[in-house]
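Novice: 3D, please:
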Amino acid sequence: MSQGGRMDEMNEMNEAIVALKNYQSGLSRLETLFAEAEPAEVGQKFLRFRLCLDQTALLPVDEIAAVLTVEAKNILPVPHMPDCVLGIYNWRGEVLWLLDLASQVGLNSLAAQTQRSHSISRLPNQFMAIVTQVNGQSLGLATPEVYDIEQHNPSLLQSPLPEMFPPKLLPFVKGYLTSAEQRSSVGQRSTVLDIATILQDPRLRVHELN
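Specialist: Numbers count the residues shown, from 1 in each chain. Have a look, this model is predicted:
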């Protein structure tokens, strides 16, 4: 082969190598773009509600069946039950037990939050109830106010410490979350309650209600 022919062959090889490198570089850029375009991890949804006068709390949305507006006159009181049990309510043709959650965990009762004595007749005429369902058991949690649904990363849930919560509330706390905004304010945190623990409270005798 003449020298000119060899030069042409070498030039073709060099061009092929450059083209291959450019192709590989393009693939690498595409992979980077696709990686950047992957959606962020979807967080868990929580419902924020008022637990007492100066505190809100969160409940997992996937354990909530409904949010109701309850009229106190439609609640049937049940004797020989703890003070935190308001009574029974007709929900979709089924018996739903209503619980004053704040009273159960040792905070101001629903009646106290509305400056009334603690009895059915002294409850606000209307209030909200969060219907929770876990393992086939339902319970309505009475609250003065329901706020928004929020999304949080469940991996950021931190374990509760005894010094962070009142003794009566602590057993019902699953953990707490802090956002970037909350971390800038000392002592600000979002309490996540454990619905299963609320249902299993021996005082409620929930196993007899179904």
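
Novice: Quick one: name whatever helix or strand follows the helix or strand of the chain with the lowest mean pLDDT.
Specialist: Ranked by mean pLDDT, DSSP states H and E, the weakest helix or strand in the chain is helix 180-183, scoring a mean of 44. Following helix 180-183 in sequence order, the next helix or strand is strand 190-193 (DSSP states H and E).

Novice: residues in contact with that next one?
Specialist: Contacting residues not belonging to strand 190-193 are listed as 46, 48, 51, 55-60, 101, 152, 157, 165, 172-179, 182 [Cβ atoms under 8 Å, 6 or more residues apart in numbering]. Using the backbone N, CA and C atoms, a C-beta is placed for each residue, glycine as well.

Novice: One more: stretch 155-162?
Specialist: With Cβ under 8 Å, 6+ apart, stretch 155-162 has contacts from 170, 173-178, 192.

Novice: What count of nearby residues applies to residue 73?
Specialist: Summarising burial for residue 73: neighbours were counted as other Cβ atoms under 10 Å, giving 10.

Novice: ok so it is a helix residue?
Specialist: Yes: assignment of residue 73 by DSSP: H, G, I helix; E, B strand; the rest coil places it within a helix.

Novice: How about it: what's its closest non-neighbour residue?
Specialist: Spatial nearest neighbour of residue 73, chain neighbours left out: residue 125 (7.6 Å); criterion: Cβ to Cβ, 6 or more residues apart in numbering.

Novice: Then residue 197?
Specialist: With sequence-adjacent residues excluded and distances taken as Cβ to Cβ, 6+ apart, residue 197 is closest to residue 172, at 5.3 Å.

Novice: Contacts only, for that neighbour.
Specialist: Here residue 172 is in contact with 104-105, 193-194, 197-198, 201 (Cβ under 8 Å, 6+ apart).

Novice: same question, residue 106
Specialist: With contact set as Cβ under 8 Å, 6+ apart, residue 106 has these partners: 166-169.

Novice: could you flag which of the residues you listed are buried?
Specialist: residue 169 (16 or more other Cβ atoms under 10 Å).

Novice: what two of the contacts of residue 106 are the furthest from one another?
Specialist: With distances taken as Cβ to Cβ, the most widely separated pair in those is 167 and 169, at 7.4 Å.

Novice: circling back to that earlier point, can you go through the contacts of strand 190-193 and name the buried ones?
Specialist: Applying 16+ other Cβ under 10 Å to the contacts of strand 190-193 flags 46, 48, 51, 57-60, 101, 152, 157, 165, 172-177 as buried.

Novice: Which strand residues bridge the closest residue to residue 164 other than its chain neighbours?
Specialist: Once flanking residues are discounted, residue 164 sits nearest to residue 176: 7.3 Å by Cβ to Cβ, 6+ apart. Here residue 176 shows beta-bridge partners residue 158, residue 191, assigned using DSSP bridges.
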